[in-house]
Each structure stands twice: as C-alpha cells, then as structure tokens.
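**Q** 3D model of this:
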Amino acid sequence: MIRPFLAAGLLAAACSSPSATDPAQPETGFSASPYTVQFHDSTRALAALETLSSDEFGGRLTGEPGNARARAWIIDQLDARGVTPLLPGGYEAPFDTASFSEMKGGVSGTNLLAVINDQPGAPVIVMSAHYDHVGMGENGIYNGADDNASGVAALLEAISWFQQNAPETTLVFAFFDAEEMGISGSAAFVHDLPEQIEDRLAFNLNLDMVSRADKGEIFAVGTYHYPELVPVIDAVAAETPLTLSKGHDSPEWGNQDWSTLSDHAPFLRAGIPIIYLGVEDHADYHKVTDTFDRVDPDTFARAVDTVLMVAEAIDEHVASETE
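**A** From the prediction side, this is the model:
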C-alpha cells in the first residue's frame, strides 16, 4: 500500500535508511484464545506468504527479475488450482501506462487475471491484491511480507474457497503489478477493461496488508463513499474473527484517508463501488523488517477467514442488487 508519508516519492523507501528495529516479534496488544480456522487451508496460506516474501524474489520490484519470478510462482499456483484465465491468451495481461497518481511517467508491468463463474450477464466482482513491492536498497531486501505477500496469499485462498463454494456473481481475481509505482497496474486494468466484463463490472474488493492486525483489527474502507454498504459490513462484522471496523475513508481522517492509496482507487474514481481491507501501519511498513517471521500465524489465519467472510457477503450483496 502507498501510505501518505510516501507521497514525495513512491520508491523512496527502497533507497532510504530505515531506523533500526528490534528483530524480536512485535508486541501485538491483542490476546485471544487459539483460533480454529473455518474457511481456508491455513498451512497453505502461511506457506504462500512465506514463499512470496522470501529473499528469492528480491523485493518483487516491477521490471526486475524478482518480480518476474514472483509472477511465475503465482501462475504456478493458479495452474495448480486449475482456475480459468480471464483472457484467451492466459493469465498474463501486460500493460504500459501512466501511473494513477501521476507521480511517475510511463510504467510497464504485467497483471495476472483469473475468473470463476463467468456467466453471460452476471455482475462482475474484481477481487484484487498487488504482488509487487519496492525491491532492494542499501539496507537489504524489502521482502514485503505484509505489503503485500499477505494479500496475495489471501487472494489465492479466496480462489480455492470459491472453487468449492460457487459464487452468485462472476468473480475476477486480479493480481496487480506496479501498485508501488503509482497504482499503475489497476489503473491500466480499469482504463482498458477486458471486453467480456466491461459492461458488467459492479464491485472491487481489494486486499492490501492483511496479516499484521497487531491489535486484532482490520479496516473495511469504502462505506463513506457507498453508505449502502454499511449494513453489509456491520452484519458480517458481527461474526468475523478479527474486529472489522469501518473508517479511513473520509475527510475527517486527514492524511489517514486511504480512499486513493491502493489498487481500489482507480475503481473508485471510475464510480465502481469498493471495499478495501487492510490493517493500520506498523513499525515495519516499507522497511526491510517487513518479513515473514514478524507475522503471527494465528492472526493471519483470522485475517484470511475475515477476508473470505467479507467476500461472501459482498458476493451476496452484489447479486441481490442486480436481481
């Protein structure tokens, strides 16, 4: 995710000197009884997060070899699940575009697109997570475990869930590239929507930083812009294993208004309803210390189940709105 203090330069973190951080596990301030996973394979999800945030991928900077290796790994995961590519030529959707934020010039990258239940006339929900990060700097590799290997791992679990639990809508799963370069991958997608969904696009559910819910809380951003979603979020929040809060989406939040700070922003600008799920900043955000060992497995399991519960609620809501 691109937080406000990065506004002066989206890749500055890759070249800056982060302050020293205690390598010990962070204090979460969140205590709860051990969680029994309900809706996903927590071992598989945790392994995906660990793999994608490993040194092998070199920080996943768009245009660099590590990013290409990450893309190939995600394609392998999609192939293993047997999910259908959205486009006739396969999962890859290369793009060359100006950034959403207009903070950079032309950006080239590759989105990955898959689809479940592609029925003619059905409304389309795009579930998204960006797989790129900010690469390497003089202090080491920016592995981006929370940002955003966590969202990718959760999105892969969403594919597995909906393969076994058919959605009422058409679900497109978008693994966006170049989010850290001006939200460019999602901007390219929205600007040039695939023909088969351009008249049916109804919603974006975006995942960006979902593992470090250190206080047991994750935010659903978007209800300020679309108040009709308040009862949807409130209803599911009564059941989620993490506290699901509304906010970070209105002027009263000042520079902590996240409405335009991740891949949901181009959808919002285009008038497409959105919910963005993400945690608040932590000490390791955009630092070399955003590593797998700082993710609490129990909290991440709760987060993935929360994501899937929200996805189910949004699927039902969008389907009912178009009946």
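**Q** C-alpha only now, for contacts and for neighbours.
**A** Noted.
**Q** got the buried residues for the helix ranked longest in the chain?
**A** Of all the elements of type helix in the chain, the one with the most residues (DSSP state H) is helix 297-321. Along helix 297-321, the positions that meet the burial threshold by neighbour count (16 or more other C-alpha atoms under 10 Å) are 297-315, 317-319.
**Q** cool, stretch 99-114 as well?
**A** The neighbour-count criterion (16+ other C-alpha under 10 Å) identifies 99-101, 107-114 as the buried residues of stretch 99-114.
**Q** measure the closest residue to Leu52 other than its chain neighbours to Leu155 for me?
**A** Spatial nearest neighbour of Leu52, chain neighbours left out: Ala149 (5.8 Å); criterion: C-alpha to C-alpha, 6 or more residues apart in numbering. The gap separating Ala149 from Leu155 is 10 Å, by C-alpha to C-alpha, to the nearest Å.
**Q** who has more neighbours, the two?
**A** In this comparison of Ala149 against Leu155, neighbours counted by other C-alpha atoms under 10 Å, the higher total goes to Ala149 at 32 against 25.
**Q** Kindly list the main-chain dihedrals of that one?
**A** When read as degrees, to the nearest 10, the backbone of Ala149 gives phi -60, psi -30.
**Q** begin at 10 from here
**A** In the new count, where the first residue is 10, that last one comes out as Ala158.
**Q** gap between it and Gln86?
**A** The span separating Ala158 from Gln86 equals 14 Å under the rule C-alpha to C-alpha.
**Q** before we move on, the earlier item: I'd assumed Ala54 was in contact with the residue nearest to Leu61.
**A** No. Between Ala158 and Ala54 there is no contact under C-alpha atoms under 8 Å: 10.2 Å.
**Q** quick one, helices of the chain?
**A** If you assign secondary structure with DSSP H, the helices in the chain sit at 21-24, 51-61, 74-90, 159-173, 193-200, 239-246, 274-278, 306-330.
**Q** can you put the ones you listed in a markdown table and add mean pLDDT and distance to Gly68?
**A** As requested, these are exported to a markdown table (pLDDT from 0 to 100; distance: least, C-alpha to C-alpha, whole Å):
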| stretch | mean pLDDT | distance to Gly68 |
| --- | --- | --- |
| helix 21-24 | 33 | 9 |
| helix 51-61 | 98 | 9 |
| helix 74-90 | 98 | 7 |
| helix 159-173 | 98 | 14 |
| helix 193-200 | 96 | 17 |
| helix 239-246 | 98 | 33 |
| helix 274-278 | 97 | 23 |
| helix 306-330 | 97 | 21 |
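**Q** Could you pull up the mean pLDDT of the longest strand seen in the chain?
**A** In the chain, assigned by DSSP state E, the strand with the most residues is strand 115-125. Mean pLDDT, computed over strand 115-125, is 95.
**Q** go on, stretch 128-142?
**A** Per-residue pLDDT values over stretch 128-142 give a mean of 97.
**Q** tell me which residues of that stretch are tucked away?
**A** For stretch 128-142, a neighbour-count test (16+ other C-alpha under 10 Å) marks 131-142 as buried.
**Q** Can you give me the end-to-end span of that stretch?
**A** Its first and final residues considered, stretch 128-142 spans 34 Å by C-alpha to C-alpha.
**Q** One more: stretch 252-261?
**A** End-to-end distance for stretch 252-261, by C-alpha to C-alpha: 21 Å.
**Q** So which bits of that stretch are buried?
**A** When burial is assessed from 16+ other C-alpha under 10 Å, stretch 252-261 yields the following buried residues: 252-253, 255-259.
**Q** Return the closest of the residues you listed with respect to Pro94.
**A** The closest of the buried residues of stretch 252-261 to Pro94 turns out to be Leu253 (C-alpha to C-alpha; 31.5 Å).
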